[in-house]
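1. 3D, please:
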Amino acid sequence: MRASTIKYQTVDNARAAPRAGSHRATSLTLAAMSLGYGVVQLDVTIVNTALDAMGRALGGGVAELQWVVSAYTIAFAAFILTAGALGDRIGAKRVFMAGFAIFTAASLACALSPNAVVLIAARLVQGLAAAILVPNSLALLNHAYADDRERGRAVAVWAAGASLALTAGPLVGGALITLVGWRAIFLVNLPIGLAGLWLSWRYASETTRARSREIDLLGQLAAIGALGALAGAIIEGGALGWDHPAVIAAFVGAAVLAVLFVWRESRAAQPMLPLSLFGHRLFTLTSLVGLLVNIAIYGLIFVLSLYFQRINGLSAWWTGLAFVPMMAAVLPVNLLAPRLSERIGPCPTIVVGACISALGCLGLLWIEAGTSYWAVCAQMIAISGGLGLLVPPLTSTLLGSVEKARSGIAAGVLNATRQTGSVLGVALFGSLVADRAFMTGLHLSLVISAAVLLIAAGVIGIGAPARG
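-> All right, here's what the predicted structure looks like:
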């Protein structure tokens, strides 16, 4: 069976989920997939609260802390397409469960790390497991929900849980660091992983295996090299200087490897990134928006976490509390998003969300050292509320822009572009605060975030078909 014609269906054997078509099994499958995506997002932001504590315990400056964050997102972005193909080849349920097991083990390794090098290596493995979890969770959701409207609402719940975990990360991290220590932020993943594994094994139904689906090893290596070199160039540019030979060499290497990746994908029989997908205009636009939004939001979360701790002198606990408004706003907005999309259309909803987040960034431009937290509260709510509004329609629109048989690889592309944006955002904004006065770098980061979000709104608002 060709990869482009794969159709997901329940495997009728002893390992298939009990009562696979029942409402209870479907709901618990959604719960398992939400735990998988949620724990991935939790580890994106929970680490930000621990940056200062980890820096003091393990040593290192802003560049080393950027690597702790970026090692995770680099592996996440680079492996996510291969992980989707692997799910096509041997079954999304099997791969999803393997990803949960690896993520749980890597979390334990992070907690036991004796130095920054081991921690960064363990974070790379965590990122690999995250890459396995996300596309296969969407593939299993797509398999479980046949009706378009039900699937859209399930995706909204899936996204809401992940957004809640994303914004709860700093609060949970702050509490754990204060009560136990920074290593506890990784140990919290263990019970989540065990629960997700059991629910997946018990209730998720397997997808059809396409044994002819090949893994594009050369393309995978080129993707890892290009993204790693680009992130390294941006991170080390802030530490070593942009004219340093190693930084220039890294930029050149990233460009060469990116060209090699595109060349490989255009000629491979079964590419990890089928370039034909970009023949769908709406697919291309939503992928680009995902990249831009994550550059703005994730880079900003990184520098705001450092601002609260290093500039305003807040403890990990109070830094976590500072992000509570984001947690409070994102969940109801996530759940509102599909209803608004049904009324005004998904693309206008994405535009509204991006503009709200951009206005929140602009509203923070006057922030200074010692600024009252309450003075920035409304802008933080706006930033997270806009994100919560745009993610569900962005995901559903991208999945609906291609044939259902290609939804797995489409989901992988969206998440790869979004995580690439996360890598670039943390690398860029971290370098801005590292190579100049912190507040100058923070203000510049806010301007860039607002501009990038407005560009994203323009891309989808102007470029999408009228029916979008």
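
2. gap between stretch 386-402 and the chain center?
-> 14 Å (Cα atoms, centre = their mean, to the nearest Å).

3. Alpha carbons only: can I get it in PDB?
-> Only the C-alpha atoms of stretch 386-402 are listed here, as PDB (Å, rounded to 0.1, in the frame of the first residue of the first chain):
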ATOM      1  CA  GLY A 386      -4.800  35.200  21.500                       C
ATOM      2  CA  LEU A 387      -2.700  32.100  21.300                       C
ATOM      3  CA  GLY A 388      -5.500  30.000  22.800                       C
ATOM      4  CA  LEU A 389      -7.900  31.400  20.200                       C
ATOM      5  CA  LEU A 390      -5.800  30.600  17.200                       C
ATOM      6  CA  VAL A 391      -4.300  27.200  17.900                       C
ATOM      7  CA  PRO A 392      -7.500  25.000  17.500                       C
ATOM      8  CA  PRO A 393      -8.600  26.500  14.200                       C
ATOM      9  CA  LEU A 394      -5.000  26.500  12.900                       C
ATOM     10  CA  THR A 395      -4.800  22.800  13.600                       C
ATOM     11  CA  SER A 396      -8.200  21.900  12.200                       C
ATOM     12  CA  THR A 397      -7.700  24.100   9.100                       C
ATOM     13  CA  LEU A 398      -4.400  22.500   8.300                       C
ATOM     14  CA  LEU A 399      -5.800  18.900   8.800                       C
ATOM     15  CA  GLY A 400      -8.800  19.800   6.600                       C
ATOM     16  CA  SER A 401      -6.600  21.200   3.800                       C
ATOM     17  CA  VAL A 402      -5.300  17.800   2.700                       C
END
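
4. looking only at pLDDT, what's the mean for it?
-> Mean per-residue pLDDT for stretch 386-402: 86.

5. can you check stretch 186-194 too?
-> 93.

6. Can you give me the buried ones in it?
-> Using 16 or more other Cβ atoms under 10 Å as the burial criterion, the residues of stretch 186-194 that qualify are 186-189, 192-193. For every residue, glycine as well, the C-beta is placed using N, CA and C.

7. any idea which of these is closest to Thr82?
-> Gly193 (21.5 Å; Cβ to Cβ).

8. residue ranges with poor pLDDT in the stretch 251-400 of the chain?
-> Of all residues in the stretch 251-400 of the chain, none has pLDDT under 70.

9. can you pull out the helices in it?
-> Listed in chain order, the helices of the stretch 251-400 of the chain (DSSP state H, counting those that start in this stretch) span 281-306, 316-322, 324-344, 346-363, 373-400.

10. quick one: contacts of the third one?
-> Counting by Cβ atoms under 8 Å, 6 or more residues apart in numbering, the neighbours of helix 324-344 from elsewhere in the structure are 152-153, 156-157, 159-160, 163-164, 166-168, 171, 349, 352-353, 377, 380-381, 383-385, 387-393, 396.

11. what do you get if the cut-off is 6 Å, keeping everything else the same?
-> 152-153, 156, 159-160, 163-164, 167-168, 171, 349, 377, 380-381, 384-385, 388-389, 392-393 (Cβ atoms under 6 Å, 6 or more residues apart in numbering).

12. Over to the fourth one?
-> Judged by Cβ under 6 Å, 6+ apart, the contacts made with helix 346-363 from elsewhere in the structure are 340-341, 379, 382-383, 385-387, 389-390, 393-394, 397, 446, 449-450, 453-454, 456-457, 460-461, 464, 468.

13. got the angle for it vs helix 281-306?
-> Helix 346-363 and helix 281-306 are oriented at 20 degrees to each other (axes from the mean of the first three to the mean of the last three Cα atoms, to 10 degrees).

14. picking up where we left off before, make TSV out of the buried residues of stretch 186-194 and add distance to Thr178 and secondary structure.
-> Converted to TSV, the buried residues of stretch 186-194 look like this (distance: Cβ to Cβ, whole Å; DSSP: H, G, I helix; E, B strand; the rest coil):
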residue	distance to Thr178	secondary structure
Phe186	16	helix
Leu187	15	helix
Val188	14	coil
Asn189	19	helix
Ile192	20	helix
Gly193	24	helix
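
15. could those residues go into JSON lines alongside distance to Leu119?
-> Below are these laid out as JSON lines (distance: Cβ to Cβ, whole Å):
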{"residue": "Phe186", "distance to Leu119": "9"}
{"residue": "Leu187", "distance to Leu119": "14"}
{"residue": "Val188", "distance to Leu119": "16"}
{"residue": "Asn189", "distance to Leu119": "14"}
{"residue": "Ile192", "distance to Leu119": "20"}
{"residue": "Gly193", "distance to Leu119": "19"}
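
16. tell me the SS of the closest residue to Asn334 other than its chain neighbours?
-> Spatial nearest neighbour of Asn334, chain neighbours left out: Ala160 (3.6 Å); criterion: Cβ to Cβ, 6 or more residues apart in numbering. With DSSP: H, G, I helix; E, B strand; the rest coil as the basis, Ala160 sits in helix.

17. Look up how far Leu277 lies from Pro393.
-> According to Cβ to Cβ, to the nearest Å, Pro393 and Leu277 sit 19 Å apart.

18. who has more neighbours, the two?
-> Between Pro393 and Leu277, Pro393 has the larger neighbour count (other Cβ atoms under 10 Å), namely 32 against 19.

19. And for the closest residue to that one other than its chain neighbours, the neighbour number?
-> Leaving aside its chain neighbours, Pro393 sits nearest to Pro346 (3.7 Å; criterion: Cβ to Cβ, 6+ apart). Applying other Cβ under 10 Å, we find 27 residues neighbouring Pro346.

20. ok so, going back, could you point out which of the helices of the stretch 251-400 of the chain sits nearest Ala410?
-> Evaluated with Cβ to Cβ, those place helix 373-400 nearest to Ala410, the distance being 5.9 Å.

21. what's the distance between that closest one and the middle of its chain?
-> The chain centroid and the centroid of helix 373-400 are separated by 14 Å under Cα atoms, centre = their mean.

22. could you check the angle helix 324-344 makes with it?
-> Relative orientation of helix 373-400 versus helix 324-344 (the same axes, to 10 degrees): 40 degrees.

23. Okay, Ala31 and Tyr203: tell me how far apart.
-> Between Ala31 and Tyr203 the distance, using Cβ to Cβ, works out to 8 Å.

24. typo on my end, Gly279
-> Going from Gly279 to Tyr203 by Cβ to Cβ gives 37 Å.

25. Have a look at the two and say which one is more surrounded.
-> Tyr203 (22 against 10).
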